[in-house]
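Enquirer: Make a model of this:
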Amino acid sequence: MRNQQKHLLLAGQRNTVVTTSQDVMVRLAYIPKQCIDTFYTSSFAVNAREISLEDKWKSFSLPENINVCIDDSMRQSSIIQLYAKILLDKPENDPMVVATEHKAENVNELVGNFDSFYKRVILRVVNVLYAPGDDIINIKQLTNMVGAMVKEKEGFDGATPAYLSHHQGKARMKLNAPYLENYYKRSNFNVLKNEQIGIFLHELTHAYQHYPNYKKTENADHYFVGLEGMADAVRFIAKGFGDKERIGAGLQGEKSEKKWLTPYRVSACFLMWLRNFDGDFVRKFHHTIKEIDHWSFDKAIHQILGEQYDAEQLWNLYLKDVKEEALEKGYLK
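Expert: Modelled structure (predicted):
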């Protein structure tokens, strides 16, 4: 599978890695280093010409209000300075200092203008989940809280990087500042930057994705693949983890009793790999959540690829690909 040619073919052909969908090129499946764009460069190919995500999605309505609120307890923390530099795409040694002594809630009052960062993330999320013309969830207001998790109040402990909730067009994301601080201490600024961007991609997917109906979904495993597996798939596709994370997720999946129903990275990488069968698989998979009554992973595969495809069969083929690549790149002995 991995040695097949990687050029545009018609959707649904067995050995494709990338296909066209509504004249939009779908990024090369499964291999992050071959993604067309990176997070800070937003052009990509359409009919062999370069356009920006902003041009592609010019009719899409971004949130009208984007706000940042920092907990009082975190205002003097050095991680807030690094957080702001990442949002503004500044290097770690930039002399910029964020004024946090006042209780500013509006992002423009707090530090210049973070809007472009959030909009960049949102456009990447939307670009994976939807195609122009799709009915897209409308988020009018986004609030980013930055502070420590309070388990008694929020239900999440200090190991949780972030969470997002939304209702009636208003999304509220809480970013765990102590988590970022600890992450930075055991890594470096660039690694922290990748993690922070990845967290935003994952969490903002929850604002724009279709949620499975828990009562009408096969079971909890299928539900969390549709929810968290999809969010990590967007994170992989929109930014691109390295080989280590991608191959590691496959090897982890081989050990998991839940196999392709293991949420987060394991199911995410399997979803990406399924674009070998239809380059638009991830977007179509997302839409099956809304289209199929009593949704399940298997029903989604049947709707997209056909009844002749079996999840177990595809999973075993995926693991074969993963192990071959892991051996080639030295991740397995």
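Enquirer: Was I right to think Glu228 contacts Pro263?
Expert: Yes - with contact defined as Cβ atoms under 8 Å, Glu228 counts as touching Pro263 (4.2 Å). (C-beta placed from N, C-alpha, C; glycine too.)
Enquirer: Could you report the distance from Gln303 to Pro263?
Expert: From Gln303 across to Pro263, the span is 21 Å (Cβ to Cβ, to the nearest Å).
Enquirer: Equivalent analysis for Asp71, please.
Expert: Using Cβ to Cβ, Asp71 is found at 29 Å from Pro263.
Enquirer: quick one, which of the two is more surrounded?
Expert: When Asp71 and Pro263 are compared for neighbours, Pro263 comes out ahead with 21 against 15, by other Cβ atoms under 10 Å.
Enquirer: Wait, the more buried one touches Phe224, no?
Expert: Yes - using Cβ under 8 Å, Pro263 is in contact with Phe224, at 4.1 Å.
Enquirer: Output the contacting helices and strands for the host helix or strand of Ile247.
Expert: For Ile247, the host element (DSSP states H and E) is helix 243-255. Contacts defined by 3 or more Cβ pairs under 8 Å, 6 or more residues apart in numbering; DSSP states H and E place helix 243-255 against helix 265-273, helix 311-328.
Enquirer: Using PDB, list the CA coordinates for that helix.
Expert: The C-alpha coordinates for helix 243-255 follow below in PDB (Å, rounded to 0.1, in the frame of the first residue of the first chain):
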ATOM      1  CA  ASP A 243       6.800   9.900  12.200                       C
ATOM      2  CA  LYS A 244       7.400   8.900  15.800                       C
ATOM      3  CA  GLU A 245       3.900   9.900  17.000                       C
ATOM      4  CA  ARG A 246       2.200   8.600  13.900                       C
ATOM      5  CA  ILE A 247       3.900   5.200  13.800                       C
ATOM      6  CA  GLY A 248       3.800   5.000  17.600                       C
ATOM      7  CA  ALA A 249       0.000   5.300  17.500                       C
ATOM      8  CA  GLY A 250      -0.200   2.400  15.100                       C
ATOM      9  CA  LEU A 251       2.000   0.200  17.200                       C
ATOM     10  CA  GLN A 252       0.000   1.100  20.300                       C
ATOM     11  CA  GLY A 253      -3.100   0.200  18.400                       C
ATOM     12  CA  GLU A 254      -1.800  -3.300  17.800                       C
ATOM     13  CA  LYS A 255      -1.500  -3.800  21.500                       C
END
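Enquirer: got the contact list for that helix?
Expert: Contacting residues not belonging to helix 243-255 are listed as 30, 32-33, 236, 259-260, 262, 265-270, 315, 318-319, 321-323, 325-326, 329, 331-332 [Cβ atoms under 8 Å, 6 or more residues apart in numbering].
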